[in-house]
Every structure is written in C-alpha cells, then in structure tokens.
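J.: Fold the following for me, if possible:
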Amino acid sequence: MPRRPRIVLPGTPLHIIQRGNNRQACFYADEDYLIYLSWLEEFARQCSCSIHAYVLMTNHVHLLITPHKLDSAGSMMKRLGQRYVQYVNRTYRRSGTLWEGRFRSCITQEENYVLGCYRYIELNPVRANMVEHPAEYRWSSYRGNAQGEVSSLLEPHGLYNALGTDEASRRENYRDLFRYHLEPGLVDDIRVATNGNFALGNDLFKEQIEEALGRRVTPGRSGRPRKPVTN
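T.: I've put the predicted structure just below:
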C-alpha cells in the first residue's frame, strides 16, 4: 500500500518527530547531542528551514520548523538522518538502521497552536519525569527561547515575537506560558495529528488545507463504509 504524501505547505509551521528504531537510543553521550544540533543547523540553512523549537530525547527528536520550500523539510531530515546514522555507526561500531522509518509530521495552524507546539516540545522532558522544569534539561530550545541563552540555531516564529515589544518582555511572557501544564486535549491533538500526518488546527484551518491540497488532512472514520440504503 503506497504511503500517503506528506502534508507540507511552504511558510506553514511543521511539527516533526523522529523516533529511534524499536524505541532504541539515538544519543549515547553529550558529544552526540552536540553533533546532531550542529548538523541540524547546517542542513536547516542549506534546505531553507527555520528552526523554532526542539528537544532531543534519548530515543527520539521533536522539532518545530517552518519550511520555506516544498521539499525543505524532507531534504533537511534526509541529509541530517543519513549523516547522523553514519556518525553513530562509525563511532559505536554498529551497523544497520537507527531511525524508525521516515519522520512523522503535522502541518500546524499558527493561531493558538504554534505556541502550544513550542510548549509541547520543550515540556517533553517534564512529561517523561526526567526533570521538574524544562530549564533543567540541557538538550532543548527552552533556555534559548525562555532565558536568552545564545543560539545561532533558533529563529523565532512571528507569534513568539508578538509576545512582547523587546527581547526581555518576550522571554518573560514566554516563561509565563510554562506556569501551567498543557491541556490534555491539546496534547492528544498534537500526538494524533503528528503520528497520522494530519493537519493540526481548527475546523476552518483543516478545510482550507484540504482545499489547497485537494485531499483529506484529517483522520478518516474507522470501519467499513456504510452501504447505501435502497428503497
């Protein structure tokens, strides 16, 4: 069965997740995280992608990006994945695949959802009970977005910039977003949309994306189609 084409529109944010094969580890030492982030920046620039948020977990990666060309996200993830697998296999004297198939993604409505994805990504270590606060986790974008830690990788989304009139106020207002946990419904919506390659947003946004692409961007109904009623 052919796989469904990925939903991508240049200029529209994309939430990406890539998992290790069979949930196995992808990062083993600090150097691995540093090398991955260095290559992420390199290939993001080469492939015209803006990186807004990220978290590198032990066995998977989350990214919030804006691709500026139709093939930007796919090209970036392909180059990054191949380069990093070669590095891991060479460094740890292993062979074979590292990633669980192709990366998963969802196109994301800007209003109400982009900042939710920022929080979803950077709160991942908290939900995993690895830390009590996202600032305690080294391998995410939280310290850059919330605390001003210098990062040449990050490019703020317009909605992040709209949080304040200067950097200090933006960071303060961004930190306020993390005073509360994400609503369970939003967490579920992000997971379903990302794992299924669907659109994340309200009904109007989904209708607009379906019209632009000419195909379904929401989950179909389970079960067999109903037979038409005949009189």
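J.: just checking, what packs against the lengthiest helix in the chain?
T.: Assignment by DSSP state H gives helix 72-91 as the longest helix of the chain. Under the contact definition 3 or more Cβ pairs under 8 Å, 6 or more residues apart in numbering; DSSP states H and E, helix 72-91 sits against strand 14-19, helix 30-46, strand 49-56, strand 60-67. The C-beta positions use only the backbone N, C-alpha and C, and glycine is treated the same way.
J.: Let's have those in a markdown table, adding mean neighbour count, mean pLDDT and distance to Arg179.
T.: Listed next are the helices and strands packed on helix 72-91 as a markdown table, based on neighbours: other Cβ atoms under 10 Å; pLDDT from 0 to 100; distance: least, Cβ to Cβ, whole Å:
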| stretch | mean neighbour count | mean pLDDT | distance to Arg179 |
| --- | --- | --- | --- |
| strand 14-19 | 22 | 97 | 22 |
| helix 30-46 | 16 | 98 | 27 |
| strand 49-56 | 23 | 98 | 18 |
| strand 60-67 | 24 | 98 | 20 |
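J.: for these, which one sits closest to His133?
T.: The minimum distance between His133 and these falls on strand 49-56, with 13.7 Å, by Cβ to Cβ.
J.: re earlier: TSV for the helices and strands packed on helix 72-91, including distance to Val88?
T.: Output for the helices and strands packed on helix 72-91, formatted as TSV (distance: least, Cβ to Cβ, whole Å):
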stretch	distance to Val88
strand 14-19	13
helix 30-46	7
strand 49-56	13
strand 60-67	13
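J.: right, and these - which one's nearest Tyr180?
T.: Judging the helices and strands packed on helix 72-91 by Cβ to Cβ, what sits closest to Tyr180 is strand 49-56, at 17.8 Å.
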